[in-house]
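**Student:** this is a predicted model, with the sequence first.
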Amino acid sequence: MKKYGFKIIAALVIVHAMGCGNTHEEVHNNSKIDTTATQSLTNKNDMIKQKITPCLWVETKDAKAVADYYLSIFKDGKLKEHHKYTNPPEAGGGDFETAVVEVAGMELSILAAGPFFKFNESVSFVINCKDQAEVDYYWTALTANGGAESACGWCKDKYGLSWQVVPVEYFDLINSPDPVVREKALKNTLKQKKIILSELK
């Protein structure tokens, strides 16, 4: 557990430093973590002014592959940073990578530090889809190649991250002032995996 603790602290130092706009040399000097390869793809001034950035700790150690995967799904996204690091001996050694991507106008940090933690449904991302076609697109893309369907609009991608793929009209139905409309939508939701709007109306 001590070894894992050191890895967590070391990784958090790196992610925090990235977000605060430190130079890579400052990261090296302050955290004593060797930067074996660094690729900064955008200027720090181009970073989203986002107060809170979700950080995804994936089980792989290839942050670039994870970034490419999400960018293949969210077509308007871009890779903003990619870094490779080596932990010092006191942190247990080993390599890990980080990346920053912008998808759907939101910045995500990716921490690829190996299989220490798994995602679960206690945290998920909701995709507010404009229509059924968009629901179909994201559902298919996220559940392909190792992803998995769940129920009521929930699914998991190939890394185990949970998503709720929901058409915005769905919320109008389940919150309708008409109890008949509301009850039908809620009842039929329980029968679905992917949300099919036509079956809820």
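**Tutor:** Ah, there it is.
**Student:** residue contacts, the spatially most central residue of the chain?
**Tutor:** In the chain, the centroid-proximal residue (C-alpha atoms, centre = their mean) is L56; its distance is 5.3 Å. Going by C-beta atoms under 8 Å, 6 or more residues apart in numbering, L56 touches 66, 108-111, 119, 159, 161. Every C-beta, even on glycine, is put in place using the N, C-alpha and C of the backbone.
**Student:** give me that answer again for 6 Å
**Tutor:** Residues in contact with L56 (C-beta atoms under 6 Å, 6 or more residues apart in numbering) are I110.
**Student:** so who does the residue nearest to D62 when sequence neighbours are not counted touch?
**Tutor:** Closest residue in space to D62, ignoring its immediate chain neighbours: A112 at 5.7 Å, by C-beta to C-beta, 6 or more residues apart in numbering. For A112, the contacting residues are 58, 60-63, 97, by C-beta under 6 Å, 6+ apart.
**Student:** narrow those to those in helices?
**Tutor:** A63 (DSSP state H).
**Student:** just flag the most distant two among the contacts of A112.
**Tutor:** V58 and E97 (9.7 Å; C-beta to C-beta).
**Student:** partners of V166 in the sheet?
**Tutor:** For V166, the beta-bridge partners under DSSP bridges are N128.
**Student:** so it touches C155, yeah?
**Tutor:** No - V166 lies out of contact with C155 (C-beta atoms under 6 Å); the separation is 11.0 Å.
**Student:** how about W163, secondary structure?
**Tutor:** Three-state call for W163 (DSSP: H, G, I helix; E, B strand; the rest coil): strand.
**Student:** where exactly do the strands run in the protein?
**Tutor:** Assignment of strands within the chain using DSSP state E yields the ranges 34-40, 55-58, 78-86, 95-103, 106-112, 124-129, 148-149, 154-156, 162-167.
**Student:** how about the ones you listed in JSON lines, adding mean pLDDT and distance to D178?
**Tutor:** Supplementary listing: the strands of the chain in JSON lines, determined by pLDDT from 0 to 100; distance: least, C-beta to C-beta, whole Å:
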{"stretch": "strand 34-40", "mean pLDDT": "47", "distance to D178": "54"}
{"stretch": "strand 55-58", "mean pLDDT": "97", "distance to D178": "39"}
{"stretch": "strand 78-86", "mean pLDDT": "95", "distance to D178": "43"}
{"stretch": "strand 95-103", "mean pLDDT": "96", "distance to D178": "36"}
{"stretch": "strand 106-112", "mean pLDDT": "96", "distance to D178": "34"}
{"stretch": "strand 124-129", "mean pLDDT": "98", "distance to D178": "22"}
{"stretch": "strand 148-149", "mean pLDDT": "98", "distance to D178": "30"}
{"stretch": "strand 154-156", "mean pLDDT": "98", "distance to D178": "26"}
{"stretch": "strand 162-167", "mean pLDDT": "98", "distance to D178": "18"}
